[in-house]
Every structure is written in C-alpha cells, then in structure tokens.
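In: Sequence and predicted structure below; questions after.
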Amino acid sequence: MNLKSKNYTLKKFKLSYINNTYLSWFKDKQIKSYIDSKPKNLLQLEREVKKFISDKKTIFWAIFKKDKHIGNIKIFEINKKSKFARLGILIGEDKYRNKGCGKEVIEKVAKYLLKQNLDKIWLGVGKKNNLAFNAYKKCKFEKYTYNNVYLNNRLKQHKKEYNKKHIFMVNYLKK
C-alpha cells in the first residue's frame with residue numbers, strides 16, 4: 001500500500017529500489033554515526049531489505065520526492081494486541097534532511113497506524129543526536145519514562161545496548 005503526503009509518496013519497498021545510490025547513504029558520516037545498519041555492499045543491503053519486506057510484523061516504505069528515492073521509513077515489531085509498533089526512519093538524501101521531510105512522513109504514517117488500530121509508536125534515538133531528538137519532539141514524541149508494562153518488557157531486551165547510547169521516545173497517537 002502506498003501513502004501520499006503533501007510533498008512525498010511512501011511506496012511499499014521493492015527490491016528494484018536497491019542500487020548504489022541507496023547503498024551510498026550508509027557511507028554518509030552523519031548516517032553512519034546514528035544507524036545500526038551498516039551494509040558494505042549491495043548483496044548485504046539486499047539481504048537486509050528482504051528480511052524487512054518478508055516480516056509480517058514490519059511495514060517498509062521507500063520515501064519518494066516525485067520520482068527520486070530519498071529515504072525509507074520502517075514500522076516494525078508491530079504488536080496489534082498491545083497496539084504498539086516501533087519506528088525507524090532514514091532520510092538518505094542529504095538535501096532533504098532538516099527540511100521537514102521526516103516530520104511530514106511520520107505524521108502521515110501516524111494517521112495510517114491509527115486506522116490500523118495502533119495507538120503508540122516508539123523508537124530509540126542516539127543521546128548525541130540532538131537534531132533527530134528535536135525533530136521527534138516536533139512529531140509529538142516524548143522521552144519515555146517507563147510507565148507502560150508492554151513497553152517496559154519490550155525495552156528490557158534492548159536496555160543494555162540502548163541505555164548507554166540511546167534515549168527511548170514514545171508517541172501516544174491521537175485521533
């Protein structure tokens with residue numbers, strides 16, 4: 001399913017979107033310092049993407065500005081019972097960063113998730129990644145204070161890794 005916001009189109013990710021330009025995003029200094037994924041070649045990137053698109057608890061969209069693939073947004077670890085999902089976003093094309101693209105796309109995805117009966121999305125953001133932290137705040141994410149049983153249990157799996165270098169943020173989606 002594709003989604004359209006005012007300026008961007010989110011297309012269900014296809015393997016044909018994998019190319020050297022996409023791979024080059026992971027070599028960008030700013031991206032490398034804040035993203036866990038570090039594919040070194042197209043084959044590694046393709047394997048990773050295949051995992052995402054085959055996972056039934058993941059929605060993986062490519063973000064397009066007209067005909068140009070500029071980034072991706074992934075909703076994963078979807079738990080319909082607890083109405084939670086996790087978000088990851090990558091704006092790979094430098095000229096679209098810090099221009100409101102992420103905010104616009106996240107807001108569109110949030111509306112979609114509400115229609116899917118999900119009402120909370122969470123993410124981890126690097127403690128030193130002030131730009132992303134502030135961008136997520138603009139999207140109504142708030143610093144998580146460990147007051148939800150499901151998320152508390154879910155985050156325990158990531159606690160060692162994340163407590164040192166990440167801050168958890170949650171968006172309590174509203175209709």
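Out: All right, it came through fine.
In: Show the pLDDT at Ser37.
Out: Among the per-residue scores, Ser37 holds a pLDDT of 79.
In: An error on my part: the question was meant for Leu118.
Out: Value for Leu118, per-residue pLDDT: 91.
In: Mind listing the strands the helix or strand where Trp122 lies pairs with, and their directions?
Out: Take DSSP states H and E as the rule and Trp122 turns out to sit in strand 120-126. Strand pairing for strand 120-126, using DSSP bridges, gives strand 84-91 (parallel), strand 166-172 (antiparallel).
In: mean pLDDT for those: which is lowest?
Out: strand 166-172 (a mean of 65).
In: picking that back up, next SSE downstream of the strand holding Trp122?
Out: Next element after strand 120-126 (DSSP H and E): helix 130-138.
In: Can you tell me the closest non-neighbouring residue to Thr58?
Out: Closest residue to Thr58 apart from its sequence neighbours, by CB to CB, 6 or more residues apart in numbering: Phe76 at 4.1 Å. Just so you know, the C-beta spots here come from the backbone N, C-alpha and C atoms, and that holds for glycine as well.
In: Report the secondary structure state of the closest residue to Leu42 other than its chain neighbours.
Out: Taking CB to CB, 6+ apart, and ignoring the residues beside it in sequence, Leu42 has Leu23 as its nearest neighbour in space, at 5.8 Å. Assigned with DSSP: H, G, I helix; E, B strand; the rest coil, Leu23 falls in the helix class.
In: show me what contacts the nearest residue to Lys38 once chain neighbours are set aside?
Out: Of all residues not flanking Lys38 in the chain, Phe26 sits nearest, at 6.0 Å (CB to CB, 6+ apart). By CB atoms under 8 Å, 6 or more residues apart in numbering, Phe26 lies in contact with 32, 35, 37-39, 45.
In: For the top helix by length along the chain, buried residues please.
Out: Criterion DSSP state H: the longest helix present in the chain is helix 101-115. Within helix 101-115, the residues that count as buried by 16 or more other CB atoms under 10 Å are 101-102, 104-110, 112-113.
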